[in-house]
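Visitor: Using only what follows, build the 3D model:
(chains A, B and C)
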Amino acid sequence: MKSKITSALADFFFEYETPRQVLVRNRRVGVVCRLIQLGVLGYIIGWVFIYEKGYQSTDTAVSSVFTKMKGVGYTNVSGTERVWDVADYVFPPQVNASFVVMTNYIVTESQQMGKCPEVCAEALSPFPLPRKTLNVSVQGQMTGVCVNATKTCEVLAWCPVEDDHTIPEYVHSSWFSNCKLILAFHSSLTFSHTVHVMIQTTYRDIKCLHDPVTAPLCPIFKLGDIVRLSGFSFETIAKVGGAIGIVVDWTCNLDANVKHCKPQYNFHGLYGNPAEPDKAKASVGYNFRYAEHYMENKTQKRTLFKVFGIRLDIIVQSLARKFDIIPTLTAIGSGVGIFGVATVVCDLVLLYLLPKREFYKNMKFKYTDIQKPVSSNVKWTFKKKGKTGAQELLSRSEHQ
Amino acid sequence: MKSKITSALADFFFEYETPRQVLVRNRRVGVVCRLIQLGVLGYIIGWVFIYEKGYQSTDTAVSSVFTKMKGVGYTNVSGTERVWDVADYVFPPQVNASFVVMTNYIVTESQQMGKCPEVCAEALSPFPLPRKTLNVSVQGQMTGVCVNATKTCEVLAWCPVEDDHTIPEYVHSSWFSNCKLILAFHSSLTFSHTVHVMIQTTYRDIKCLHDPVTAPLCPIFKLGDIVRLSGFSFETIAKVGGAIGIVVDWTCNLDANVKHCKPQYNFHGLYGNPAEPDKAKASVGYNFRYAEHYMENKTQKRTLFKVFGIRLDIIVQSLARKFDIIPTLTAIGSGVGIFGVATVVCDLVLLYLLPKREFYKNMKFKYTDIQKPVSSNVKWTFKKKGKTGAQELLSRSEHQ
Amino acid sequence: MKSKITSALADFFFEYETPRQVLVRNRRVGVVCRLIQLGVLGYIIGWVFIYEKGYQSTDTAVSSVFTKMKGVGYTNVSGTERVWDVADYVFPPQVNASFVVMTNYIVTESQQMGKCPEVCAEALSPFPLPRKTLNVSVQGQMTGVCVNATKTCEVLAWCPVEDDHTIPEYVHSSWFSNCKLILAFHSSLTFSHTVHVMIQTTYRDIKCLHDPVTAPLCPIFKLGDIVRLSGFSFETIAKVGGAIGIVVDWTCNLDANVKHCKPQYNFHGLYGNPAEPDKAKASVGYNFRYAEHYMENKTQKRTLFKVFGIRLDIIVQSLARKFDIIPTLTAIGSGVGIFGVATVVCDLVLLYLLPKREFYKNMKFKYTDIQKPVSSNVKWTFKKKGKTGAQELLSRSEHQ
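Guide: Numbers count the residues shown, from 1 in each chain, chains lettered A, B, ... in the order given. Below is the predicted model of the structure:
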């Protein structure tokens, strides 16, 4: 028994199967097939391997973004001069990947809890309102009282109620568009949880200013440039606010030197561009409210700000590529499979389209049994159950 | 030499190999094989291509989320009426993908730096404490003095020390659960760094209100609904706080019109659900502290708030699919490979299980050498070194 | 016609093709081939399936991170004792995945809008400056006036202007490095949009303290440990600020029990390590400014803080793996393709390197046409257009 296994193993190791093939010497089929095969080979080598870098696996990286705003804004509203520095116009102060640069605001000072009439764009037409409609308000809790002087409802709210029906004209000077945004990137690319690459933009070129053509790698941006490149009008966005996405595209080939791994910056208006007609419906600027609370004469008071501003979202898109044995061999393996498809296509041409198809069919196939002939054109003279001696001989000669 | 290469090239181009095959005409094997092959084909076409869309490559998109809270809260604590608007209850004011809606708080007013006794839930039992334990405190720097009146230690801290041992009962009226959260999504789907699709929810249906059944696409949510759908009890979460993840699932088929690309909203209680027994151990609500600083009589003072609230984390999950030649051909290529596996399975049946297996084995294989017979049942009468003329003829006939 | 199709279908179902093969009985080729084939098999089973888990598909998960700082800092600046609690030193108060622990600051009190001289590290050398250079300043709007006393320019700004040319020495005691950072993770792993797994760190081991060796899973960290593990010196980072990335690596095998899915914590200095010479150029710490506004005698005033601190970025990296039929069959299918490559390699050995290559070539290939012999060594005596009876017979016998 053991020797039987040993001999089977020896047989297995000393033998080797290779498929028998017909070498069809036909110019038409040959050329067609070779072209198909060369096409497949060209696709695998040229497209999958060289162009799409199919021998690499891809990974997205985790990253941190550090940003800093620099610059001073200056306003002159009816003679009152004021400057705005970073501590005044950036929200939140510890600037991170998403922050707002205030460009306009509505301030409502000395608000205190009390009862006062609502502020509406238009006085309510059926006045006084029926009591049942007096329950919901966006400005406070309705008391059920109607105020004749303003023809609006009285609410329990922070009084006086904010009047934001007219947005003040943009009063900041051109200073603001000159504010510089320093993006200091610190991307930590981790590839397949093993290769760890740290990339950071250096301040070596701190004196530079980003320009899409002349200085595409400089990480220092003028706010006005960002707005312009994202398709907004500075005057409009500064008045009503808007949001801009700064997409930082890091595509790194980790097989090459990491130094060649450079970011690309793209700017997209995300929200609130009234200049584009179809987006205008969707959005009317970007704003938020915040309040500063204080005590005055033992009463809690607050100053309410409705802030219009440019929201900057820094979105890092990273893609690292690295040689990997598995996609390489998968590409080769499936390429061999597609080669098989090419052979099938050629066989179809050979066996169904060529005039000599019957001849090739008989070359390619051997039949195990005597059945009806494949084609009625071909007459088999010796297809009988009882084989002649010659046939016997012949069929055996096959097995040698 | 040159002509030799040319002729070899011509040979190569005008030739074409196709494997020779045995066409086994056996009903059992035929049916089994065809079924296996049809199964493989069905798997490749039906499952890989149609169901799993294996002809597409996938990509995750980068996205920005814009949110806005609307609504006014109202409280009536022992006769003192108060309203809470967005500027009062949303942290941080420039609402982004993660923010907190304050629903309860503990306020400690007029704190100033000084020495005062700690506040403990229970008085320390061995009192006064030995000096060596007097070094660490969560409320301030221990001075080493023990205060008999409270039976606690004296600390250098913001005094009076906050007493948060009892969370006030939830005092907000049902107003709060009616607060509306407007989610304005602005997703920028970038596919393979080439196709750029901007998706934004429009305010066309600004009058709508999200409902999982009747209005699943409406991006306006009632806070009460969010809490309910995430499995929390509003009364509990409003008292002690908690965190809710709003998962926005964008699965886009970029081969179809982008208009069909709709988000799905799911709500998950992330943290702080005391109603679930096994989670109760893990979390006891969500809170944070912040302070408002001010000067009074040249002394720095602060008002400390311990804020309990509903933290909303908006998590965008995006998946874009698009036709890609590489996964398509990889699927086809590896499908051909699996076809090969099917053939191997059939061959095993044919060569090892069928009664006529020896016959098929001899049909399929040709042996290069005279070795021991594959099966002892078959007698080879003319396997001799010296070939007879007929054999010579036969073996040559093979090479034609 | 119909019966023809039926019979063709029947033929198709009851037939089955299997390639005819030569069983080469040659020890050298056999061993080489078997070894190549075993290598391919070993690669597919061992590397692709077992080591790289090629039967699984991977997915990244969405996650939320909850963090909480605990601890009280203590400073004693020239006799003035002060404690710092969480509400004082953490920005923003609702701590999320990225926050700053203040460790040092420059305060400029009682600023009000006005005109005052700039503060410069060195007095301007050509003084007074020519008027054309008097337009840009980082501290305010230049008025065009030169102040002789300070030899600097007068600016419209928040006066007095902040003087940040010398960073105060780090005055906090060792208290700070003992501050504990509690990371409460709540990861929501969603796999292929179908399997939803919630993972959260429990407070079961709330008494633990993270240590890379003895307690690698404990989610409670001492700030000093984080700084040390990220390669910073606490004294330096506390003085000028810096940023640390805490990478939380969740690699989950969803085929196993989710309980085995544990995070790994890694700490990286992201920014601002003056100790490393080549990074020193790139960064000089981490800081930001914020202001507290107040009214005094009807004048708007503010207190400006330049905050130096440790910015902690918690970066979650998640990877879930799960059995998936498609990568499994793709791996098998392309493995079969690579088997095909192995056969091609063996064939090259067989047909071009072995001494008996002509013999094997004739065993493997059948030629459809009478062309020039493949090798000049072999003489074909009966390759004539007109076939003899025996040849006719023989070629037909092939087709049986």
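
Visitor: Residue in the stretch 301-400 of chain A with the shortest distance to chain B?
Guide: A:Ser334 (2.7 Å; CB to the nearest CB). C-betas here are computed from N, CA, C, even on glycine.

Visitor: Would you mind pulling up the elements that the helix or strand harbouring that residue packs against?
Guide: Counting by DSSP states H and E, the element that carries A:Ser334 is helix A:325-348. Where contact means 3 or more CB pairs under 8 Å, 6 or more residues apart in numbering or on different chains; DSSP states H and E, helix A:325-348 is packed against helix A:27-42, strand A:56-59, strand B:15-19, helix B:325-348, helix C:325-348.

Visitor: the inter-axis angle of the helix or strand just after the last one versus strand A:15-19?
Guide: Right, the one you point to is helix C:325-348. As assigned by DSSP H and E, the chain's next helix or strand after helix C:325-348 is helix C:357-364. Helix C:357-364 and strand A:15-19 are oriented at 60 degrees to each other (axes from the mean of the first three to the mean of the last three CA atoms, to 10 degrees).

Visitor: what angle separates helix C:357-364 from helix C:325-348?
Guide: With the same axes, to 10 degrees as the basis, helix C:357-364 and helix C:325-348 are set at 130 degrees to each other.

Visitor: mind saving the C-alpha coords of helix C:357-364 as CSV?
Guide: Output in CSV follows, covering the C-alpha atoms of helix C:357-364 (Å, rounded to 0.1, in the frame of the first residue of the first chain):
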residue,chain,number,x,y,z
ARG,C,357,12.6,18.9,-27.9
GLU,C,358,11.7,17.9,-31.4
PHE,C,359,10.0,14.8,-30.2
TYR,C,360,8.0,16.6,-27.6
LYS,C,361,7.1,19.3,-30.1
ASN,C,362,5.7,16.7,-32.4
MET,C,363,3.8,15.1,-29.5
LYS,C,364,2.3,18.4,-28.5
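
Visitor: Tell me what angle that helix forms with helix C:27-42.
Guide: Following the same axes, to 10 degrees, one obtains 60 degrees for the angle between helix C:357-364 and helix C:27-42.

Visitor: at contact distance from chain A, anything in helix C:357-364?
Guide: Yes: judged by CB under 8 Å from any CB of the partner chain, helix C:357-364 and chain A are in contact via C:363-364.

Visitor: tell me how far that helix is from the chain's mean position?
Guide: On the basis of CA atoms, centre = their mean, to the nearest Å, helix C:357-364 sits 54 Å off its chain's mean C-alpha point.

Visitor: Surely the residue of the stretch 301-400 of chain A closest to chain B touches B:Thr330?
Guide: Yes: here A:Ser334 reaches B:Thr330: they are 4.5 Å apart, a contact under CB atoms under 8 Å.

Visitor: Could you name every residue contacting both of these two?
Guide: Taking CB atoms under 8 Å, 6 or more residues apart in numbering or on different chains as the criterion, A:Ser334 and B:Thr330 both touch C:330, C:334.

Visitor: Neighbour count: these two, which is higher?
Guide: Taking other CB atoms under 10 Å in any protein chain shown, A:Ser334 and B:Thr330 do not tie; A:Ser334 has more neighbours (30 against 27).

Visitor: For that one, list the residues it contacts.
Guide: The neighbours of A:Ser334, taking CB under 8 Å, 6+ apart as the test, are B:329-334, B:337, C:330, C:333-334, C:337.

Visitor: re the thing from before, buried stuff in the helix holding A:Ser334?
Guide: The neighbour-count check on helix A:325-348 (16 or more other CB atoms under 10 Å in any protein chain shown) flags A:326-343, A:346-347 as buried.

Visitor: Also stretch A:230-244?
Guide: By 16+ other CB under 10 Å, the buried positions in stretch A:230-244 come out as A:230, A:232, A:234, A:236-244.

Visitor: Just the ones of the residues you listed in strands?
Guide: Counting by DSSP state E, the buried residues of stretch A:230-244 place A:242-244 in strands.

Visitor: Chain B: which of the residues you listed is nearest?
Guide: A:Ala243 (6.6 Å).

Visitor: interface residues of the stretch 51-200 of chain A facing chain B?
Guide: For the stretch 51-200 of chain A, the residues in contact with chain B (CB under 8 Å from any CB) are A:52, A:54, A:60, A:91-92, A:98-100, A:113, A:137-141, A:155-158.

Visitor: how close does whatever residue of chain A ends up closest to chain C sit to C:Val48?
Guide: Taking CB to the nearest CB, chain C has its nearest neighbour within chain A at A:Gly333, 2.7 Å off. Using CB to CB, to the nearest Å, we find A:Gly333 at a distance of 10 Å from C:Val48.

Visitor: about what we covered before: mean pLDDT added to the helices and strands packed on helix A:325-348, as a markdown table?
Guide: What follows is the helices and strands packed on helix A:325-348, written out as a markdown table (pLDDT from 0 to 100):
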| stretch | mean pLDDT |
| --- | --- |
| helix A:27-42 | 84 |
| strand A:56-59 | 80 |
| strand B:15-19 | 79 |
| helix B:325-348 | 83 |
| helix C:325-348 | 83 |
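
Visitor: Using TSV, please lay out these together with distance to B:Asn362.
Guide: Shown next, in TSV, are those (distance: least, CB to CB, whole Å):
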stretch	distance to B:Asn362
helix A:27-42	30
strand A:56-59	47
strand B:15-19	18
helix B:325-348	14
helix C:325-348	22
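
Visitor: Out of the ones you listed, which is closest to C:Val119?
Guide: Nearest to C:Val119 among those is strand A:56-59 (48.0 Å), distances taken as CB to CB.

Visitor: between the contacts of A:Ser334, which is closest to C:Ser7?
Guide: Closest approach to C:Ser7 among the contacts of A:Ser334 (CB to CB): B:Ile332, at 30.7 Å.
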